[in-house]
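Trainee: quick one, structure for this:
(one chain, ligands or ions: 1)
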Amino acid sequence: MSQDGQAETLVIIGSGPAAWTAAVYASRANLDPLVIEGEPSRDMIPGGQLMYTTDIENFPGFPEGVDGQDLMARMKAQAEKFGTRTMMENVASVDFAVYPFVLRPSYSPEIRAKAVIVATGARANWMGLENEIRLAQSGGGVSACAVCDGALPAFRDKRLAVVGGGDSAMEEANYLTKFASEVVIIHRRDGFRASKIMAERTLANPKIRVEWNTKVADVLGDEFVTALLLEDTNTGERREMEVGGLFVAIGHTPNTGFLKGQVELTPHGYLVAPYAWRTATSVPGVFAAGDVMDDYYRQAITAAGTGCMAALEAERWMAHHGVTEAESPVLETAESSIGHPAAQMA
Ligand code: NAP
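Mentor: Model prediction:
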């Protein structure tokens with residue numbers, strides 16, 4: 001509930017570029033949004049994946065590059081400037097079967113909301129090694145996004161390692177050949193999981209070689225990665241390999257655990273937005289933005305773009321249903337109206 005005991009007009013869950021962009025648009029549209037930012041934990045900090053990115057060189061408007069944490073702080077300040085309210089807690093569970101929707105934060109009393117934008121992002125999977133996480137968080141040459149970080153000067157003309165055997169690893173390895181002297185894919189089995197065409201393209205690239213049946217046992221280097229401790233998955237034999245960068249490409253996990261059973265998700269857990277160029281989900285009044293609904297582009301700028309779309313769509317959906325004036329709009333059943341309000345808003 002808002003301070004006056006009424007349902008919130010719009011709650012935005014998340015705190016990455018999608019959430020803050022949605023908040024900027026929604027607050028400028030006088031929707032008085034509340035952003036539930038999430039709370040710091042061992043593997044997640046509010047602000048999302050950009051909080052682990054030191055130099056962002058591909059976000060338009062920053063020719064000199066921008067620090068990920070700085071960019072998130074600026075986006076948040078911009079949203080707050082227009083009246084966005086924030087709350088640093090996780091949403092533990094939701095009930096989208098009732099209206100206004102129910103959101104249950106981890107500590108605070110439940111919140112009712114007339115519209116919700118879910119922008120909780122996806123987290124890159126890590127191998128879970130202590131030095132891997134340390135160097136990823138400090139900008140020490142360990143990354144989970146070649147497109148974001150591969151072009152940085154620190155990685156030029158170095159031997160770069162990519163961990164994984166799926167399409168992401170193939171894509172990252174091929175992309176990194178533009179900058180690296182050599183790319184070494186480290187894969188724990190003797191065959192790729194990647195699609196045939198991407199695997200063949202990768203194996204045909206003269207700048208890429210593969211260490212099969214190999215896993216990373218440790219990441220070496222104080223300030224910056226200098227070498228990997230590799231282990232043969234068949235024999236257990238260990239050896240060191242010098243590298244100038246490590247890219248972990250072992251998949252992403254969308255942050256949708258709290259939504260299970262409430263809204264349609266893909267088999268991989270991403271939010272389904274059934275209509276092209278729309279952010280409406282299977283529940284009317286619930287919208288999706290950013291990496292939580294995008295396993296394809298996963299860029300800060302695309303997340304920001306879908307955040308803008310979600311705010312505009314939520315605003316138009318509420319106007320269409322008279323939500324801002326009435327406590328409970330007349331809604332069709334979820335089945336008959338998936339994306340329907342949005343589809344009428346072209
Ligand atoms: P993925 O297909 O799940 O592959 C993950 C890879 O990481 C697997 O090879 C897996 O090894 C390995 N792995 C998992 N955990 C590991 C660990 N702890 N240590 C070492 N290796 C580990 O994930 P993805 O490559 O990110 O792809 C996800 C989805 O997006 C797929 O459907 C993919 O087709 C799609 N995608 C498509 C494109 C494209 O079409 N351009 C690009 C990227 C992704 P095992 O094989 O041994 O399990």
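Trainee: spit out the contact partners of whichever residue of the stretch 151-300 of the chain sits closest to the ligand.
Mentor: When scored by Cβ to the nearest ligand atom, the stretch 151-300 of the chain has Gly166 as its residue closest to the ligand, at 2.4 Å. Where C-beta positions appear, they are placed from N, C-alpha and C, glycine not excepted. Applying Cβ atoms under 8 Å, 6 or more residues apart in numbering, one finds that Gly166 lies in contact with 192-194, 249-251.
Trainee: ok, Gly121 touching Gln49?
Mentor: Yes - the pair formed by Gly121 and Gln49 meets the contact definition of Cβ atoms under 8 Å, at 6.4 Å.
Trainee: where does the stretch 201-346 of the chain have low pLDDT?
Mentor: When the per-residue scores of the stretch 201-346 of the chain are filtered using pLDDT under 70, the ranges that remain are 324-346.
Trainee: ok, which stretches of the stretch 151-300 of the chain are strands?
Mentor: Along the stretch 151-300 of the chain, counting by DSSP state E, counting those that start in this stretch, strands occupy 159-163, 182-186, 208-211, 214-220, 227-232, 238-242, 245-248, 252-254, 286-288.
Trainee: just checking, what packs against the third one?
Mentor: Applying 3 or more Cβ pairs under 8 Å, 6 or more residues apart in numbering; DSSP states H and E, one finds that strand 208-211 makes contact with strand 182-186.
Trainee: show me what the strand it packs on is packed up against.
Mentor: With contacts defined as 3+ Cβ pairs under 8 Å, 6+ apart, strand 182-186 has these neighbours: strand 159-163, helix 167-176, strand 208-211, strand 214-220.
Trainee: mind putting the ones you listed in a markdown table, mean neighbour count included?
Mentor: Supplementary listing: the helices and strands packed on strand 182-186 in a markdown table, determined by neighbours: other Cβ atoms under 10 Å:
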| stretch | mean neighbour count |
| --- | --- |
| strand 159-163 | 26 |
| helix 167-176 | 23 |
| strand 208-211 | 18 |
| strand 214-220 | 19 |
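Trainee: out of those, flag the one nearest Ala136.
Mentor: For the helices and strands packed on strand 182-186, proximity to Ala136 was assessed by Cβ to Cβ; strand 214-220 is nearest, at 9.1 Å.
Trainee: report the angle between the axes of that closest one and strand 159-163?
Mentor: Interaxial angle of strand 214-220 relative to strand 159-163 (axes from the mean of the first three to the mean of the last three Cα atoms, to 10 degrees): 120 degrees.
Trainee: circling back to that earlier point, from Val248, how far out is the residue of the stretch 151-300 of the chain closest to the ligand?
Mentor: Shown here: Gly166 relative to Val248, a distance of 12 Å by Cβ to Cβ, to the nearest Å.
Trainee: and for Pro40?
Mentor: Distance, Pro40 to Val248, using Cβ to Cβ: 21 Å.
Trainee: neighbour count: these two, which is higher?
Mentor: Neighbours of Pro40 and Val248, each counted by other Cβ atoms under 10 Å, are more numerous for Val248; the result is 26 against 11.
Trainee: for that one, give me its contacts.
Mentor: Taking Cβ under 8 Å, 6+ apart as the contact definition, Val248 lies against 124-127, 132, 136, 142-144, 162-164.
Trainee: filter those residues to the buried ones?
Mentor: Buried members of the contacts of Val248, scored by 16 or more other Cβ atoms under 10 Å, are 124-125, 127, 132, 136, 142-144, 162-164.
Trainee: list the contacts of stretch 92-109.
Mentor: Outside of stretch 92-109, the residues that reach it under the criterion Cβ under 8 Å, 6+ apart are 1, 7-8, 11, 13, 36, 39, 87, 89-91, 110-114, 116, 258-259, 262-263, 283, 285-286, 327-329, 331.
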